[in-house]
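>>> fold the following for me, if possible:
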Amino acid sequence: MSNVIVFMSDEHNPRYSSPYGHAFVDTPNMQWLADNGTLFENAYCPSPLCVPSRSAFLTGKRVHAVQAYGNNRLGIPPEKLGLGAVLGEDDVHTVFIGKVHAYRPSAELGFSETIETYADDPSGFDMSQQRRPIAVREGADRRFEEYGPRDRPWGRDVDCMDAAVEWLQTRAPALQRPWVLYVNLLKPHFAHFCTQELWDSYRDHDDLPEHGVEAATAQHPYAADLRTHFQLDKVGEDQVRGLRRGYYACVSFIDQQLGRLLSALVEADLASTTNLVYTSDHGEMLGKFGLWWKCNLLEDAARIPCIAAGPDFGAGERIATPIDLHDVQASVFSATSASHPESWLGTPLQDLASDDGERVVFSEYHGHGTRAGSFMVRRGDWKLIHNIAAPDQLFDLASDPEELDNRLEANPRMAEELGAALAEVCDAEAEDRKAEAFWERQVDLHQRESAG
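The predicted model follows:
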């Protein structure tokens, strides 16, 4: 029986870190965690958007089961058996710190303690989630100038990490039962503001993405939809370079905060009894295929980092088996010896084979920016993206990790097999219809509430 820290950043594409092979992004603490723990090479989010992904993690359910289809939380049914509440029933002490952005306010998530939170109001409503027809997000182009050095660039993140460190030093050592600390920071999510020091450290790395709008994948209708929705035709080369440089700086900031957690564990004499898992809620396109942020099921948006170290994880191990955030959630139950609900998804990370070529992982997207939903399954090296209102995409990630070549027509048998695997998870067309109907109900509820 051991304790667990889940440190979840926001919008970290794992490819931008040294453990996942990046040449220059400075992440020594992530590297230390990988060298002294286990790195999961192929980790995915439940959905490449904040509220859906975090809500799935906290409930043990698929996004379509929670009905957290987008970042609008209005009308999502209450979920009384969230992660904090279920662990509490087994006498596990749970602590929530940082960004919430989940299906319910933090006070209703069932954690034993809730400290220093933000993005906690579920009542706001964003009409730009409309998909049919696709809404244009007015003012999205203002994001293109949000990078570079400025005073206090980290928002609430430093305060949240201060609270986490203080809790580890003062509260954790006195607990006589297992505990789980769930720490959520906003970076490296845009805006890509940073300190002068970190900005200067990447002065030679204001680069451009290797694959832009000229790539075949960039011509897919859903990619074109996203560029329209976010007004991405307005981003200039200097802005691309600045945004990427700022992102690298923000990733290094997150790495520094990971280092603070590692130091706090040692100082509180908790390192030998505590597992630390670093992960994120989704990735970031960072200009690849002319796309930014997330909102699609390509690797750069759907992949997440997952590195775990502590008494339950071997040192220097690398796991190729595909996983997702549900497996991270299940590993929390396993480490604390709590009972994992039978209806909840996930297999403990500790129990996974190193290279299971038959295991299927699933992700889905129902949010803003595309004309209809999309669904992903990955098994072994192959990945299918089933797009409801556009051609499907099939990628062989072993030979084509950048997803430049849609192999759908050349490999109909593999597409059929993965389509059958998707059908075992859900009826994609039916779930898309449910998502659209739920959006219409959200709009109606918002209008009635606005009318008083």
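
>>> helices of the chain, residue ranges please.
Secondary structure of the chain (DSSP state H): helices at 28-35, 50-59, 63-66, 83-89, 157-170, 196-201, 221-229, 237-267, 299-302, 325-336, 412-425, 428-450.

>>> out of those helices, which comes closest to R132?
helix 428-450 (6.9 Å; C-beta to C-beta). Every C-beta, even on glycine, is put in place using the N, C-alpha and C of the backbone.

>>> for that closest one, buried residues please.
Residues of helix 428-450 classed as buried by neighbour count (16 or more other C-beta atoms under 10 Å): A428, E431, D432, K434, A435, E436, F438, W439, Q442, V443, H446.

>>> setting aside sequence neighbours, what's the nearest residue to the fifth one?
Pointing back at A435 there. Once flanking residues are discounted, A435 sits nearest to H366: 4.2 Å by C-beta to C-beta, 6 or more residues apart in numbering.

>>> isn't the one you found right up against D432?
Yes: when contacts are counted by C-beta atoms under 8 Å, H366 is listed as touching D432 (7.3 Å).

>>> overlap of the contact sets of those two?
G373 (C-beta atoms under 8 Å, 6 or more residues apart in numbering).

>>> quick one on the thing from earlier: can you report how many residues lie near the residue nearest to A435?
Using other C-beta atoms under 10 Å, H366 has 28 neighbouring residues.

>>> list the contacts for it?
Residues in contact with H366 (C-beta under 8 Å, 6+ apart) are S47, P52, V63, H64, Y69, G70, G373, D432, A435.

>>> let's see 7 Å
With contacts defined as C-beta atoms under 7 Å, 6 or more residues apart in numbering, H366 is in contact with Y69, G70, G373, A435.

>>> quick check: it vs R379, distance?
22 Å (C-beta to C-beta, to the nearest Å).

>>> confirm for me that A301 is in contact with K294.
Yes: contact criterion C-beta atoms under 7 Å: A301 and K294 qualify, at 4.3 Å.

>>> can you list residues touching both of those two?
Residues touching both A301 and K294 (C-beta under 7 Å, 6+ apart): P48, H282, G283.

>>> could those residues go into CSV alongside distance to V235, neighbour count and pLDDT?
Putting those into CSV (distance: C-beta to C-beta, whole Å; neighbours: other C-beta atoms under 10 Å; pLDDT from 0 to 100) gives the following:
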residue, distance to V235, neighbour count, pLDDT
P48, 20, 31, 98
H282, 20, 30, 98
G283, 18, 26, 98
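
>>> could you single out the nearest of the residues you listed to D26?
Distance to D26 across the shared contacts of A301 and K294 (C-beta to C-beta) is lowest for G283, with 19.0 Å.

>>> please name the nearest non-neighbouring residue to that closest one.
Spatial nearest neighbour of G283, excluding adjacent residues (C-beta to C-beta, 6+ apart): N13 at 3.9 Å.

>>> and the pLDDT at the one you found?
pLDDT recorded at N13 is 98.

>>> how about the one 10 residues further on?
We have a pLDDT of 97 for A23.

>>> for it, the count of nearby residues, please.
Counted with other C-beta under 10 Å, the neighbours of A23 add up to 6.

>>> got it, and the one 10 residues further on?
Look at L33: counted by other C-beta under 10 Å, it has 28 neighbours.

>>> let me know the pLDDT of it.
L33 carries a pLDDT score of 98 in this model.

>>> now swap in G60 and tell me
As predicted, G60 sits at a pLDDT of 97.

>>> please tell me how far the residue nearest to it when sequence neighbours are not counted sits from F313.
Once flanking residues are discounted, G60 sits nearest to W344: 3.0 Å by C-beta to C-beta, 6+ apart. Per C-beta to C-beta, W344 is found 21 Å from F313.

>>> same drill for the two, tell me which one is more crowded.
Neighbours per residue, other C-beta under 10 Å: of W344 and F313, the larger number sits with F313, 22 against 16.

>>> phi, psi of that one?
phi -130, psi 140 (degrees, to the nearest 10).

>>> got a list of what it touches?
F313 sits next to G37, T38, N275, Q350 when contact means C-beta under 7 Å, 6+ apart.

>>> now, which of those residues sits nearest G259?
Among these, G37 lies closest to G259 (C-beta to C-beta), at 14.4 Å.

>>> burial measure for that closest one, as a count.
Neighbours of G37 under the rule other C-beta under 10 Å: 22.

>>> who's in contact with it?
I307, A308, A309, G310, F313, A315.
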